[in-house]
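Student: Quick check, what structure comes out for this input:
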Amino acid sequence: MIYIRVDVNDTIATGHLMRCLAIADAASILGDAATFLLADGQGEDLVRARGHHAIVLHTKWNDMQAELPALFKVIKEHHVTRLLIDSYQVTKEYLGQLKPQVQTFYIDDVNAFLYPVHAVICYANYWKRFQYQEHYKDASLYLGTAYIPLREAYSNCEEKVIKPEVEHILLLSGGTDPFDVMENLLAQINREHYKQITVICGRYYDHYHALCAKYAAEQNVRILQNVSDIECHMKKADLAVSAGGTTLYELCAVGTPAISYSFADNQLGNVTKFEEDHLIDYAGDARQGSVTEHIVRYLEYYHHNQGLRRERSRNMQKLVDGKGALRIAGLLIE
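Tutor: Prediction:
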């Protein structure tokens, strides 16, 4: 049994839980089960729907220090020996008190401080900026895109077929869309330019029904929410627009050329590194003003440029093989 400490809610959205679910799914493939330790019940239905166990600590997700008595009790009662932790709410004191009780693996992508853990996992494409090898002498380090925790559906993807022109675009916002990028983008793009426009809204997007009603008469516009087979939509699309985060790595795995934007600090490393590496162009930060005009310009630029889209697609698929979740699950089971 592997144990995973993670949370999900309308503030932190679904990214942390989704990548941990991918690791749990991979553990099942390797013949082991997974139990999630959650502060509250908000993610319990998602965990159980994927066939995994859940223990609710009945604590506050943003006060992890206070949860330690409840967590120590679970560790003792369930004989937990290894714990994967995925949360920005951890403190140095929290991890320091936890380390003597259980072998700790921490998923990092912000390098907030020197983590007192047994192992650090950083799959971010910008991991070299953090100079982990210089700062961690005793902890094991698992670094680079080989450890990107994606679902099995993203492994062994076929080479993307690139059409002469973009016919189908996919618009993605992640778990939330606090700056209404999807709504603003739909209003500004030339919708008649495309045979199909698919918009996938996150679990916590509040304006989903209003958006559906607004474009109900346009047959080439399809608006969905919280889909379970997002990889199928990615594979069908000729070009995607996505917020920064794990979604960009999923697009790499399937080879769908993309344009990115950001609306949170933890997305900035991804989007800027992808742009530096000439893999995914970055349209800007939604917190600093409208990014939709920049996205529209990129959409027009890519529309007829088959050669550029083909080059980007091939290099994206070289970066991500989709087997990172299996590698992490193997570490936890070992």
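Student: Phi, psi for residue 151 please.
Tutor: phi -60, psi 160 (degrees, to the nearest 10).
Student: could you measure it against residue 231, distance?
Tutor: Distance, residue 151 to residue 231, using Cβ to Cβ, to the nearest Å: 7 Å. The way it works is simple: take the backbone N, C-alpha and C, and place the C-beta from them, glycine included.
Student: tell me the helices in the stretch 201-334 of the chain, going along the chain?
Tutor: Applying DSSP state H, counting those that start in this stretch to the stretch 201-334 of the chain gives helices spanning 208-214, 230-236, 246-254, 265-276, 292-303, 306-319, 324-333.
Student: And the stretch 1-150 of the chain, by the same measure?
Tutor: Using DSSP H, counting those that start in this stretch, the helices assigned to the stretch 1-150 of the chain run over residues 15-29, 44-49, 68-77, 92-98, 132-135.
Student: most tightly surrounded among the ones you listed?
Tutor: helix 15-29 (a mean of 23; mean count of other Cβ atoms under 10 Å).
Student: Show me what that helix is packed up against.
Tutor: Where contact means 3 or more Cβ pairs under 8 Å, 6 or more residues apart in numbering; DSSP states H and E, helix 15-29 is packed against strand 2-6, strand 34-38, helix 44-49, strand 82-86, helix 246-254, helix 324-333.
Student: How far off centre is that helix?
Tutor: On the basis of Cα atoms, centre = their mean, to the nearest Å, helix 15-29 sits 11 Å off its chain's mean C-alpha point.
Student: List the contacts of that helix.
Tutor: Applying Cβ atoms under 8 Å, 6 or more residues apart in numbering, the external contacts of helix 15-29 come out as 2, 4, 6-8, 33-34, 36, 43, 46-47, 50-52, 84, 86-87, 107, 149-152, 174-175, 245-246, 325-326, 328-329, 332-333.
Student: just stretch 59-71 next, same as before
Tutor: 5, 7, 9, 11-12, 37, 39-40, 57-58, 87, 89-91, 93-94, 97-98.
Student: swap in stretch 323-334?
Tutor: Stretch 323-334 has contacts (Cβ under 8 Å, 6+ apart) with 2, 19, 22-27, 29-30, 32, 82, 84, 105, 119, 121, 123, 142, 145-152, 155.
Student: Which residue would you name as the spatial centre of this structure?
Tutor: What sits nearest the mean C-alpha location of the chain, by Cα atoms, centre = their mean, is residue 246, with 2.7 Å.
Student: So that one sits against residue 151, correct?
Tutor: No - taking contacts as Cβ atoms under 8 Å, residue 246 lies outside contact range of residue 151: 10.3 Å.
Student: Among the contacts of helix 15-29, name the buried ones.
Tutor: 2, 4, 6-8, 34, 36, 43, 46-47, 50, 52, 84, 86-87, 107, 149-152, 174-175, 245-246, 325-326, 328-329, 332 (16 or more other Cβ atoms under 10 Å).
Student: Which helix or strand contains the spatially closest residue to residue 14 that is not a sequence neighbour?
Tutor: Spatial nearest neighbour of residue 14, chain neighbours left out: residue 175 (3.9 Å); criterion: Cβ to Cβ, 6 or more residues apart in numbering. Assigned by DSSP states H and E, residue 175 falls within no helix or strand.
Student: would JSON lines of the helices of the stretch 201-334 of the chain with mean pLDDT and distance to residue 77 be doable?
Tutor: Listed next are these as JSON lines, based on pLDDT from 0 to 100; distance: least, Cβ to Cβ, whole Å:
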{"stretch": "helix 208-214", "mean pLDDT": "94", "distance to residue 77": "40"}
{"stretch": "helix 230-236", "mean pLDDT": "96", "distance to residue 77": "36"}
{"stretch": "helix 246-254", "mean pLDDT": "96", "distance to residue 77": "32"}
{"stretch": "helix 265-276", "mean pLDDT": "94", "distance to residue 77": "33"}
{"stretch": "helix 292-303", "mean pLDDT": "96", "distance to residue 77": "50"}
{"stretch": "helix 306-319", "mean pLDDT": "98", "distance to residue 77": "42"}
{"stretch": "helix 324-333", "mean pLDDT": "97", "distance to residue 77": "19"}
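Student: Which of the ones you listed sits closest to residue 135?
Tutor: Among the helices of the stretch 201-334 of the chain, the nearest to residue 135 by Cβ to Cβ is helix 265-276 (17.1 Å).
Student: re the thing from before, looking at it, the residue nearest to residue 14 is touching residue 202, isn't it?
Tutor: Yes - counting by Cβ under 8 Å, residue 202 is a contact partner of residue 175 at 3.8 Å.
Student: Overlap in contacts, these two.
Tutor: Residues touching both residue 175 and residue 202 by Cβ under 8 Å, 6+ apart: 13-14.
Student: Nice, that's everything, thank you.
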